[in-house]
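1. Following is a predicted model, sequence given first.
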Amino acid sequence: MSLQENMRPATARKSAELSGTVRVPGDKSISHRALMFGGLASGETRVTGLLEGEDVLRTGEAMKAMGARIVRNDREWIIQGTSNGCLLEPDGALDFGNAGTGARLTMGLVGTYDMATRFVGDPSLSKRPMGRVLDPLRQMGVQVLESAPGDRLPIVLRGPKHAAPITYRVPMPSAQVKSAVLLAGLNAAGVTTVVEPVMTRDHTEKMLAGFGANIEIVTDREKARHIRIEGRGRLAGQVIDIPGDPSSAAFPIVAGLIVPGSDIVVENVLMNPTRTGLITTLLDMNADMEIINRRLAGGEEVADLHVRGSELKGVTVPADRAPFMIDEYPVLAVAAAFAEGRTVMEGLEELRVKESDRLSAVANGLKANAVECEEGAASLVVHGRPGGRGIGGGTVETHLDHRIAMSFLVMGLATEKPVSIDDRTMIATSFPEFMDLMGGLGAAIE
């Protein structure tokens, strides 16, 4: 059966006001790391709130293939780790499907082991460049025995007998690259240092410290972060409660803002400062959004967000905010389509190497629905139509990208004409409850 025959289109139509209280799935970034670090730790790790999307479950299967025991018991995941330095060579390829985070972080984790590991993925993941992770691994002595042109999957890594700790300055803001090098350092004798000129999401550092890794963070005069980790240390199993994913919360939040008369509450959203760029930007755009019930959960700040239909204003989003909201730009562009004036987004080069070329996919989706926009090499300018006047009516190519699919379904809830997407199947990679959750709020999606 061809890929096209497996596609399932969906259409969103103008909806009456949305209302209700919802809780989004657990944070995707933390979920990946919980399975990885639990699988590597000594003893038992117990996880609640895990995102049970396809991407995260692929990471779990990879850890099981290397010796970890992972079982689901009702709403809790119980992990028996291998102990640091004791992962086993997998019998077959590690198939990460569409999971870029899982693939890149696992390359770092196992690359410094004296064994051969093969990484494969779906057609979308196989187009994504892995060189940014492989370059520092090569410096540590890792051999790339096989790769498709451009350092793409399928990839076979062979670790050295003794990995060399390095000091690596990340050339672009990337939590995945930073994390891959730190994880590689776990199996290298000595201290591995990552220098991060621009701070990115810091879940890896926080969670490694929580599992007992000897990790130190120092900020220099230029505000670059020097993250040092001592290899060959012991990690101990933990109890983890994963807060709601802000990237998933973005969809009901924006829907609540653009559908007139809406009044919704999104509960238990992670408020880590490295993940709140979209919330800051929407507040700048005059969003009627209140942050309530702030509290701590599992060492992270969480809160509930009370969102009402709003008359949004266009803004210029500073480029230095991009690392704190990189996955939310597609749905921000949707919000901008309903704002008065123009919204300027810069510093978006990272969007070119996501599940799709997200920058082009967003621009083309907007144009297909009569929204005026200009796409630059690393920028997007959206000219809004308050009230969604005259927009909609198009079909959006998702390019196997879950965030493109969900963003444009949200768009169709407030446009004059319906908005369709060519495929909904990949939404399950990050947000399998999306359709039911949005329908429960009153969204007309079919």
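-> Sure, I can see it. Numbering: from 1, shown residues only.

2. Correct me if wrong: Pro165 contacts Ala189.
-> Yes - using Cβ atoms under 8 Å, Pro165 is in contact with Ala189, at 7.1 Å. C-beta here means a position set from N, CA and C on the backbone, and glycine is covered the same way.

3. between the two, which one's more packed in?
-> Comparing Pro165 with Ala189 by other Cβ atoms under 10 Å, the one with more neighbours is Pro165, at 20 against 13.

4. Need the phi and psi values for the more buried one.
-> Per-residue torsions, Pro165: phi -70, psi 150 (degrees, to the nearest 10).

5. what's the overlap in contacts for Pro165 and Ala189?
-> Residues touching both Pro165 and Ala189 (Cβ atoms under 8 Å, 6 or more residues apart in numbering) are Gly231.

6. And the helices in this protein?
-> Along the chain, counting by DSSP state H, helices occupy 28-40, 54-65, 100-111, 131-139, 175-185, 203-210, 246-258, 277-284, 329-336, 358-368, 402-411, 434-441.

7. Any chance of JSON lines for the ones you listed, columns distance to Leu312, mean neighbour count and mean pLDDT?
-> JSON lines is the format used below for the helices of the chain (distance: least, Cβ to Cβ, whole Å; neighbours: other Cβ atoms under 10 Å; pLDDT from 0 to 100):
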{"stretch": "helix 28-40", "distance to Leu312": "26", "mean neighbour count": "28", "mean pLDDT": "97"}
{"stretch": "helix 54-65", "distance to Leu312": "31", "mean neighbour count": "22", "mean pLDDT": "97"}
{"stretch": "helix 100-111", "distance to Leu312": "30", "mean neighbour count": "26", "mean pLDDT": "97"}
{"stretch": "helix 131-139", "distance to Leu312": "35", "mean neighbour count": "19", "mean pLDDT": "98"}
{"stretch": "helix 175-185", "distance to Leu312": "28", "mean neighbour count": "27", "mean pLDDT": "97"}
{"stretch": "helix 203-210", "distance to Leu312": "30", "mean neighbour count": "22", "mean pLDDT": "95"}
{"stretch": "helix 246-258", "distance to Leu312": "7", "mean neighbour count": "28", "mean pLDDT": "98"}
{"stretch": "helix 277-284", "distance to Leu312": "8", "mean neighbour count": "21", "mean pLDDT": "98"}
{"stretch": "helix 329-336", "distance to Leu312": "6", "mean neighbour count": "28", "mean pLDDT": "98"}
{"stretch": "helix 358-368", "distance to Leu312": "15", "mean neighbour count": "22", "mean pLDDT": "97"}
{"stretch": "helix 402-411", "distance to Leu312": "13", "mean neighbour count": "29", "mean pLDDT": "97"}
{"stretch": "helix 434-441", "distance to Leu312": "19", "mean neighbour count": "18", "mean pLDDT": "98"}
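
8. quick one: contacts for Ala303?
-> Contacts of Ala303 (Cβ under 8 Å, 6+ apart): 269, 271, 291-295.

9. Can you tell me which of those residues are buried?
-> By neighbour count, with 16 or more other Cβ atoms under 10 Å, these hold 269, 271 as buried.

10. How about the residue of the chain positioned farthest from its centre, nearest residue that isn't a chain neighbour?
-> Most distant from the centre of the chain: Lys161, at 32.9 Å, with distances by Cα atoms, centre = their mean. Nearest residue to Lys161, sequence neighbours excluded (Cβ to Cβ, 6 or more residues apart in numbering): Asp114, at 5.2 Å.

11. and this protein, what are its domains?
-> Listed domain ranges for the chain are 4-26+243-445, 28-241 (source: automatic domain parsing).

12. among the helices of the chain, which is nearest Ser310?
-> Across the helices of the chain, the minimum distance to Ser310, taken as Cβ to Cβ, is reached by helix 246-258, at 4.8 Å.

13. Next, the angle helix 329-336 makes with that closest one.
-> Counting by axes from the mean of the first three to the mean of the last three Cα atoms, to 10 degrees, helix 246-258 lies at 10 degrees to helix 329-336.

14. and helix 246-258, what does it pack onto?
-> Secondary-structure packing of helix 246-258 (3 or more Cβ pairs under 8 Å, 6 or more residues apart in numbering; DSSP states H and E): strand 263-270, helix 277-284, strand 288-297, strand 300-308, helix 329-336, helix 402-411, helix 434-441.

15. mind listing the strands for the stretch 51-200 of the chain?
-> Along the stretch 51-200 of the chain, counting by DSSP state E, counting those that start in this stretch, strands occupy 69-73, 76-80, 94-95, 116-120, 143-148, 152-158, 167-169, 191-196.

16. still on that earlier bit, is it possible to export the helices of the chain to TSV including distance to Ala377?
-> TSV is the format used below for the helices of the chain (distance: least, Cβ to Cβ, whole Å):
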stretch	distance to Ala377
helix 28-40	27
helix 54-65	28
helix 100-111	22
helix 131-139	18
helix 175-185	21
helix 203-210	29
helix 246-258	24
helix 277-284	21
helix 329-336	15
helix 358-368	9
helix 402-411	19
helix 434-441	31
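
17. Of all the ones you listed, which one is nearest Val302?
-> helix 246-258 (9.8 Å).

18. Tabulate the CA atom coordinates of the closest one in CSV.
-> Listed next in CSV are the C-alpha coordinates belonging to helix 246-258 (Å, rounded to 0.1, in the frame of the first residue of the first chain):
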residue,chain,number,x,y,z
PRO,A,246,3.5,23.7,26.4
SER,A,247,4.0,22.8,22.7
SER,A,248,0.8,20.8,22.8
ALA,A,249,-1.0,23.4,25.0
ALA,A,250,-0.3,25.9,22.3
PHE,A,251,-3.1,24.5,20.1
PRO,A,252,-6.1,24.9,22.4
ILE,A,253,-4.6,28.2,23.7
VAL,A,254,-4.5,29.7,20.2
ALA,A,255,-7.9,28.2,19.3
GLY,A,256,-9.4,29.9,22.4
LEU,A,257,-7.9,33.2,21.4
ILE,A,258,-9.0,33.3,17.8
